[in-house]
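S.K.: coords please:
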Amino acid sequence: MRVRFVVHQAAIIAACLILLPGHIGAGEAPAYSKIRLASLVEVPEPAFPSADSRPETSLTGKWHAVRERMRRDERLVSLCRRDPAGCPSDAATLFMSIVDAARLREGKAVSGEINRAINLAVRPVSDQKRHGADVWTSPLTTLASGQGDCEDYAIAKLAALWAAGVAESDTRLVIVRDARAQEDHALAMVRLDGRWLALDNRRFTLIEAAHLAYRPLFVIGRNVVRAVSEPGSWAALDDDGAIGQSARDESGSSGGQTAPVLL
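M.R.: This next block holds a predicted model:
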């Protein structure tokens, strides 16, 4: 009897999901149902304690994990491109509008548009306050919540740059040390005419790397995470010879074999 009851309940739940307004292919739906459906598409971000020994506590682990979630975001955005009216995610619709606005720009203005739009779309909230640990979220998860910390902004900006046509080889995610604030920070960087420009959630203007009041610690590009062997050298963005060992073996400013705590 118990097994039959559980199966019956599962059938009822499945039927309700199929009949839910806004189901893919059912046409336009209220915003609340889109958000509810988006939660079915995207897997909630896990919170990893800083003392956890799992790979996700390293920069390499965090980056590889969020890259997989970014690929899921890309598939959802692709579906929404093909059928905007049936898009089940308001976050994907917002992401596409940001990318489309950037595509209308040229040169430096492409990156400037993305930097400004995502800075306005997301409210700065620390991961320690939200999750109790440093959690790297995918672009659509960040846009859906409207909250994030520095690396969440940077990851969303990288995804938007790629979607707008910027080559991935001309972008970086950089972990820096802010000596004034005595904290670690994350930036999206883009190369334009041989110069690296920072897309910082703390400002709307793009600033050339050489003029930043930050010290670069780690450079992340494609599927590689490297520690800067020469502290403070922005040449590490271009010169592979100036980049040292894997960040997996590097300790953060707070010590220990874990990634820096980003604020």
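S.K.: mind listing the strands for the stretch 1-150 of the chain?
M.R.: 123-124, 147-148 (DSSP state E, counting those that start in this stretch).
S.K.: Of those, flag the one that's most buried.
M.R.: strand 147-148 (a mean of 23; mean count of other Cβ atoms under 10 Å). C-beta coordinates here come from the backbone N, C-alpha and C atoms, glycine included.
S.K.: Name the residues that touch it?
M.R.: 122, 123, 124, 125, 130, 137, 142, 156 (Cβ atoms under 8 Å, 6 or more residues apart in numbering).
S.K.: now it: mean pLDDT?
M.R.: What strand 147-148 shows for mean pLDDT is 95.
S.K.: hey, where'd the helices end up in the stretch 51-200 of the chain?
M.R.: 59-82, 90-103, 108-121, 127-130, 139-145, 150-163 (DSSP state H, counting those that start in this stretch).
S.K.: so which of these gets nearest residue 207?
M.R.: Smallest distance to residue 207 across the helices of the stretch 51-200 of the chain (Cβ to Cβ): 10.3 Å, for helix 108-121.
S.K.: That closest one vs helix 90-103, what angle?
M.R.: With axes from the mean of the first three to the mean of the last three Cα atoms, to 10 degrees defining the directions, helix 108-121 sits at 150 degrees from helix 90-103.
S.K.: For the helix or strand containing residue 219, which strands pair with it and how are they oriented?
M.R.: Element membership for residue 219 (DSSP states H and E) is strand 215-221. Strand 215-221 has its sheet partners listed here by DSSP bridges as strand 171-178 (antiparallel), strand 224-228 (antiparallel).
S.K.: between the contacts of strand 147-148, which has the most around it?
M.R.: residue 156 (32 neighbours; other Cβ atoms under 10 Å).
S.K.: now that one, nearest residue through space, not along the chain?
M.R.: residue 139 (4.1 Å; Cβ to Cβ, 6 or more residues apart in numbering).
S.K.: shouldn't residue 157 be in contact with residue 199?
M.R.: Yes - taking contacts as Cβ atoms under 8 Å, residue 157 lies within contact range of residue 199: 4.8 Å.
S.K.: Return every residue with contacts to both of these two.
M.R.: What both residue 157 and residue 199 touch, as defined by Cβ under 8 Å, 6+ apart, is the set 114, 115, 188.
S.K.: Next one, pLDDT for the nearest residue to residue 87 once chain neighbours are set aside please.
M.R.: Spatial nearest neighbour of residue 87, chain neighbours left out: residue 80 (3.6 Å); criterion: Cβ to Cβ, 6+ apart. Residue 80 is assigned a pLDDT of 98 by the prediction.
S.K.: In the contacts of strand 147-148, which has the lowest confidence score?
M.R.: residue 130 (83).
S.K.: Distance check, that residue against residue 141.
M.R.: 12 Å (Cβ to Cβ, to the nearest Å).
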